[in-house]
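[1] With the sequence up front, the predicted model follows.
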Amino acid sequence: MTMASGPLAQADLDSKLQHGDPILMLVGDTFAHHAVTVGGCGNGKYYFHDPEWIAGRYEEYTYSQLLEYQPLYKWLDTLHASAASEAVVV
């Protein structure tokens, strides 16, 4: 896995999801409180899951909703599958 500082650009997010790479968003206010997942995309929406919801529940969110999905929670950092050329978080 690779840690990206901040949210992924929309084009990078789309590319990773289209390749089947898992995306973990670290969300919070000034520091990460929580990790949520984006499990795919289609029709301009992203399949978003919060682990505090029941298993299997995904909501369709726009990219701007991912950036700030609750008034107090913003997308701060990202964990995603590593490409061969990227540094790996250990």
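    Okay, I see it. Residues are numbered from 1 along each chain as shown.

[2] and residue 48, what are its bridge partners?
    Applying DSSP bridges to residue 48 gives these bridge partners: residue 38, residue 59.

[3] what's the helix or strand where residue 16 lies packed up against?
    For residue 16, the element it lies in under DSSP states H and E is helix 10-18. Contact analysis of helix 10-18 by 3 or more C-beta pairs under 8 Å, 6 or more residues apart in numbering; DSSP states H and E lists strand 23-28, strand 32-42, helix 63-67 as its packing neighbours. The C-beta positions use only the backbone N, C-alpha and C, and glycine is treated the same way.

[4] Show me what the first one is in contact with.
    Spelled out, it's strand 23-28. The contact list for strand 23-28, computed with C-beta atoms under 8 Å, 6 or more residues apart in numbering, reads 1, 7-8, 13, 16-17, 32-39, 66, 69-70, 73-80.

[5] for the helices and strands packed on helix 10-18, which one sits closest to residue 55?
    Nearest to residue 55 among those is strand 32-42; the distance by C-beta to C-beta comes to 11.8 Å.

[6] thinking again about what came up before, quickly compare the helices and strands packed on helix 10-18 and say which is most buried.
    Mean neighbour count, computed with mean count of other C-beta atoms under 10 Å, is highest for strand 23-28 among those, reaching a mean of 20.

[7] Can you list the strands that it pairs with?
    Counting by DSSP bridges, strand 23-28 is paired with strand 32-42 (antiparallel), strand 74-80 (antiparallel).

[8] got TSV for those, with mean pLDDT and distance to residue 59 too?
    TSV is the format used below for the strands paired with strand 23-28 (pLDDT from 0 to 100; distance: least, C-beta to C-beta, whole Å):
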stretch	mean pLDDT	distance to residue 59
strand 32-42	89	10
strand 74-80	91	15
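
[9] what's the distance between the residue lying closest to residue 61 once chain neighbours are set aside and residue 27?
    Closest residue to residue 61 apart from its sequence neighbours, by C-beta to C-beta, 6 or more residues apart in numbering: residue 48 at 4.5 Å. Separation of residue 48 from residue 27 (C-beta to C-beta, to the nearest Å): 11 Å.
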